[in-house]
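[1] Output the structure for:
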Amino acid sequence: MSAGLVMRSDSDDKRLGQQVGGRLRAGSREQYEEVHRFVVESLKTGDEISGDMLMEIIWSLLPKPAQKKIGQRPRAVDDASCPEQRPSATCARYTASRLQDLLLEELGMSEAIVRDGHAVIPRFRICTPDGHFVILMQLPDDVADRRRRIRLLGNFMAWKLATGFAISGHLHAADSISSCAVARDVRQGMMRRIERRPAISFGETTALTESDIEQGLIALLPRRETAMTSRVIAELERVFGRHGEMPAMRVS
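    As a prediction, the model looks like this:
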């Protein structure tokens with residue numbers, strides 16, 4: 001928050017969201033520009049556009065029949081049931097068993113790639129309230145390029161409000177496929193050694209610990225909602241768009 005900025009309460013956020021939604025629904029260019037100025041000013045001051053406010057804006061823009069069908073106003077998510085505080089089925093706490101299922105699925109995918117004679121490109125599966133996205137991203141030895149890619153990936157996760165992710169790839173030193181998953185309170189990993197003679201086969205699944213996961217990758221998971229500037233969003237759309245440098249493919 002910038003100096004002198006007054007902290008808003010949840011009820012203030014909801015009321016402001018109703019006002020913004022009402023102005024947008026009015027449909028005039030003047031009202032649109034007024035809302036646009038509000039958003040730009042929020043970004044400049046570092047003030048946040050909260051989830052409560054956004055939900056009220058969305059609700060205000062829904063046609064009356066849709067509101068009636070939903071049957072009730074959007075309510076805040078219970079902190080105890082969802083530490084990420086986002087209204088989505090994917091928002092439930094990631095338990096060890098859920099991550100284990102995800103890791104086994106990812107290992108199976110990498111195993112199929114190896115059996116087909118292809119290299120396993122580092123693969124990020126990002127879990128968001130809007131579904132799962134897969135990004136194939138090489139992590140080069142060049143420090144500057146590696147940092148750039150990690151920065152972009154972290155921004156993508158913040159933009160999509162990621163609640164967890166898995167990274168899968170090939171461990172060259174051990175000649176193994178591996179998958180590691182990161183959520184708020186749980187980190188897990190698994191690996192399978194590749195047996196290349198007389199034919200491709202795989203060893204038993206071995207557990208990896210949190211210490212086996214690069215700390216810089218763990219830090220990618222956003223700890224809080226972050227305001228994104230239009231310039232950052234444009235860069236993410238360019239890099240991770242359908243024809244971008246590293247397309248983000250929706251898988252669920």
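[2] for stretch 107-115, which positions count as buried?
    107, 109-111, 113-114 (16 or more other Cβ atoms under 10 Å). Where you see a C-beta, it was placed from the backbone N, CA and C, and this is true even at glycine.
[3] Looking at those, which are in strands?
    Among these, no member falls in strands (DSSP state E).
[4] Please tabulate those residues in JSON lines, including the columns distance to T209 and pLDDT.
    Compiled in JSON lines, the buried residues of stretch 107-115 are given as follows (distance: Cβ to Cβ, whole Å; pLDDT from 0 to 100):
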{"residue": "L107", "distance to T209": "17", "pLDDT": "94"}
{"residue": "M109", "distance to T209": "22", "pLDDT": "92"}
{"residue": "S110", "distance to T209": "20", "pLDDT": "94"}
{"residue": "E111", "distance to T209": "22", "pLDDT": "93"}
{"residue": "I113", "distance to T209": "25", "pLDDT": "93"}
{"residue": "V114", "distance to T209": "24", "pLDDT": "93"}
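[5] Out of those, the closest to P122 would be?
    S110 (10.4 Å; Cβ to Cβ).
[6] hang on, that closest one packs against I177?
    Yes. Taking contacts as Cβ atoms under 8 Å, S110 lies within contact range of I177: 4.2 Å.
[7] picking that back up, and which of the buried residues of stretch 107-115 is nearest to D212?
    Among these, L107 lies closest to D212 (Cβ to Cβ), at 14.7 Å.
[8] I'd like to know which elements the helix ranked longest in the chain is packed against.
    For the chain, the longest helix by residue count, based on DSSP state H, is helix 96-115. Helices and strands touching helix 96-115, by 3 or more Cβ pairs under 8 Å, 6 or more residues apart in numbering; DSSP states H and E, are strand 123-128, strand 164-171, strand 176-183, strand 187-195, strand 201-208.
[9] Which one of the ones you listed lies nearest to V251?
    Nearest of those (Cβ to Cβ): strand 123-128, 7.3 Å.
[10] Identify the contacts common to S110 and I177.
    Common contacts of S110 and I177 (Cβ atoms under 8 Å, 6 or more residues apart in numbering): 120, 168-170.
[11] quick check, nearest of these to V186?
    Closest to V186, out of all of the shared contacts of S110 and I177 and judged by Cβ to Cβ, is S168, at 16.9 Å.
[12] CA-only coordinates of the longest helix of the chain in CSV, if you can.
    C-alpha atoms of helix 96-115 as CSV (Å, rounded to 0.1, in the frame of the first residue of the first chain):
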residue,chain,number,x,y,z
ALA,A,96,-0.7,-35.8,-0.1
SER,A,97,-2.9,-38.3,-1.8
ARG,A,98,-4.2,-35.8,-4.4
LEU,A,99,-0.6,-34.8,-5.3
GLN,A,100,0.4,-38.5,-5.5
ASP,A,101,-2.3,-39.2,-8.0
LEU,A,102,-1.2,-36.1,-10.1
LEU,A,103,2.5,-37.3,-9.9
LEU,A,104,1.6,-40.8,-11.0
GLU,A,105,-0.3,-39.4,-14.0
GLU,A,106,2.6,-37.2,-15.0
LEU,A,107,5.1,-40.0,-14.6
GLY,A,108,2.9,-42.1,-16.9
MET,A,109,3.0,-39.4,-19.5
SER,A,110,6.8,-39.1,-19.4
GLU,A,111,7.1,-42.9,-19.6
ALA,A,112,5.0,-43.0,-22.8
ILE,A,113,7.2,-40.2,-24.3
VAL,A,114,10.4,-42.2,-23.6
ARG,A,115,8.9,-45.4,-24.9
